[in-house]
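1. Take a look and give me a structure for this.
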Amino acid sequence: MTLQHTPSETTREAITRAPRTHPALYALALASFAVGLAEFVIAGLLPDIAGDLSVSDGSAGILVTAYAVGIIVGALVLTTALSRIPPKSALVRLGVIFVIGNLLSALGPDFTVVLLGRIIAGATNGAFLGVGIVVAVSLADARNQGRAIATMLAGLTFANVLGVPLGTVLGQHLGWRAVFGVIVALAVLATLAILAVVPHVASAPTSSLSDLRHLLDRQALLAMGIATFGFGGMFGAFTYAALTLTKVSGYPTSAVPWLLVLFGIGLMVGNALGGRLVDRSLDATLAGSLLGLLAVQIVLGSFAGHAVVAAIALGLMGMFGFAAAPGYQQKVMRHARAAGATASGAPIAAVNVGNALGSWIGGLMITSGLGYTSPIWMGAMATGIALVLLAVAARTALKAAQ
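-> Sure thing, here's the model as predicted:
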């Protein structure tokens, strides 16, 4: 069974009338806001967590890594395991487990319990996005599937624009545990919304382990490579943006949260544009987004010492970087749909592998004394590789069609 589900006549009629305002998509967006907040807000809370739990800053950083690893595992393993039950039921179960994971982090008496909570929450994050995208594309016809994915992913962008700065401020005033309490409340609300408004749609089961071989299709592998290098190139540069802005651009530390809001606004704009454009031309949208990202990274790397240029480039990096996100999802699903629900989790795993590698390599470059703009140049190289893979994929497809 493919990921191109056929909605019921009633559902199709409702979507035809108002495809962009289907309440189920907004319920999914609320849930993606909760999981995005859990993923990203931790960076601003690490010093407080380290002090409260009596661990080093480096040890506290494991909470970020564990969540990312959880996303990768959940996107592949849990999405596949849950593929045989109705997607709505899977989303509700994942919501409950996500609540439990964040409760452990909010109430954990020691670092081990908090870490366990992060692993559980991260695994449900990856699986939720995988299953949620199956539902999102089921609620739209072929012309609006990119827009449906973008609507769901809008929650992630709002988590960056509003959630991270507000969550950091809340943590500074009420403590980091209060932030996890807010995440729990949002997750409960989102789970209830899913229960109330998400319709029952057909599942896309991965019938056997042999179905996973479709992920090894050459075009599917190329698509996942594009997602890994493209998103990893952006995230690797962004991870150390605060250091670049303060050490190179000359901004005070107090200005960094507001500058990062520019990046978040760029994410929102890019997500909205990418969701619309990808439905018109998938490869052209990916090529344009990646070329724009590469150009911005070159400008930022060259002129990071100019404060105004650095601020503008940061926002544009978010815009071009996330404009490609719906395209990554669509391209992998298009070439690996025979793998069932796992095809929707594969690009999520791919971008998080890119995130982890980009952040790790960028950190190594700074530690090696290559300077605070070195992660930006590393990101530009990764984006260039993504463009090469996109060209190879287009050439391969053209040869196959001849």
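2. other SSEs contacting the host helix or strand of M378?
-> Taking DSSP states H and E as the definition, M378 sits inside helix 374-401. On a contact count with 3 or more Cβ pairs under 8 Å, 6 or more residues apart in numbering; DSSP states H and E, helix 374-401 meets helix 218-239, helix 282-303, helix 342-367. The C-beta positions use only the backbone N, C-alpha and C, and glycine is treated the same way.
3. So which of the ones you listed is the most surrounded?
-> Counting by mean count of other Cβ atoms under 10 Å, helix 218-239 has the highest mean neighbour count of the helices and strands packed on helix 374-401, with a mean of 25.
4. got the buried residues for the helix or strand just after it?
-> Downstream of helix 218-239, the first helix or strand assigned by DSSP H and E is helix 241-247. For helix 241-247, a neighbour-count test (16 or more other Cβ atoms under 10 Å) marks 241-242, 244-246 as buried.
5. on that earlier part again, can you list the helices and strands packed on helix 374-401 in CSV and add distance to L129 and mean pLDDT?
-> Shown next, in CSV, are the helices and strands packed on helix 374-401 (distance: least, Cβ to Cβ, whole Å; pLDDT from 0 to 100):
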stretch, distance to L129, mean pLDDT
helix 218-239, 13, 86
helix 282-303, 19, 94
helix 342-367, 5, 77
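6. what about those, which gets the closest to F98?
-> Closest approach to F98 among the helices and strands packed on helix 374-401 is made by helix 342-367 (15.0 Å; Cβ to Cβ).
7. quick revisit: for K88, which of the helices and strands packed on helix 374-401 is the nearest?
-> When these are ranked by proximity to K88 (Cβ to Cβ), helix 342-367 comes first, at 15.0 Å.
8. Could you check the angle that closest one makes with helix 374-401?
-> 150 degrees (axes from the mean of the first three to the mean of the last three Cα atoms, to 10 degrees).
9. So which residues of the stretch 51-200 of the chain form helices?
-> Under the criterion DSSP state H, counting those that start in this stretch, the stretch 51-200 of the chain carries helices at the ranges 57-60, 62-73, 79-81, 87-107, 111-138, 145-158, 164-174, 176-197.
10. Check which helices and strands the fourth one is in contact with.
-> It refers to helix 87-107. helix 23-40, helix 111-138, helix 176-197.
11. can I get those helices in a markdown table with distance to T396, mean neighbour count and mean pLDDT?
-> A markdown table is the format used below for those (distance: least, Cβ to Cβ, whole Å; neighbours: other Cβ atoms under 10 Å; pLDDT from 0 to 100):
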| stretch | distance to T396 | mean neighbour count | mean pLDDT |
| --- | --- | --- | --- |
| helix 23-40 | 32 | 25 | 89 |
| helix 111-138 | 24 | 26 | 88 |
| helix 176-197 | 39 | 20 | 94 |
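12. In TSV, list the ones you listed along with distance to Y251.
-> Shown next, in TSV, are these (distance: least, Cβ to Cβ, whole Å):
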stretch	distance to Y251
helix 23-40	20
helix 111-138	30
helix 176-197	25
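13. Tell me which of those helices sits nearest to M224.
-> With respect to M224, and counting by Cβ to Cβ, the nearest of those is helix 111-138 at 13.6 Å.
14. Quick one: list the elements packing against the closest one.
-> helix 23-40, helix 42-53, helix 62-73, helix 79-81, helix 87-107, helix 145-158, helix 325-336, helix 342-367.
15. relative orientation of it and helix 42-53 in degrees?
-> Using the same axes, to 10 degrees: helix 111-138 against helix 42-53 is 160 degrees.
16. thinking again about what came up before, could you dump the helices and strands packed on helix 111-138 into JSON lines with distance to A313 added?
-> Formatted as JSON lines, the helices and strands packed on helix 111-138 follow (distance: least, Cβ to Cβ, whole Å):
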{"stretch": "helix 23-40", "distance to A313": "21"}
{"stretch": "helix 42-53", "distance to A313": "21"}
{"stretch": "helix 62-73", "distance to A313": "25"}
{"stretch": "helix 79-81", "distance to A313": "35"}
{"stretch": "helix 87-107", "distance to A313": "34"}
{"stretch": "helix 145-158", "distance to A313": "18"}
{"stretch": "helix 325-336", "distance to A313": "19"}
{"stretch": "helix 342-367", "distance to A313": "17"}
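17. before we move on, back to that, now tabulate the helices and strands packed on helix 374-401 in CSV and tack on distance to R177.
-> Listed next are the helices and strands packed on helix 374-401 as CSV, based on distance: least, Cβ to Cβ, whole Å:
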stretch, distance to R177
helix 218-239, 25
helix 282-303, 36
helix 342-367, 25
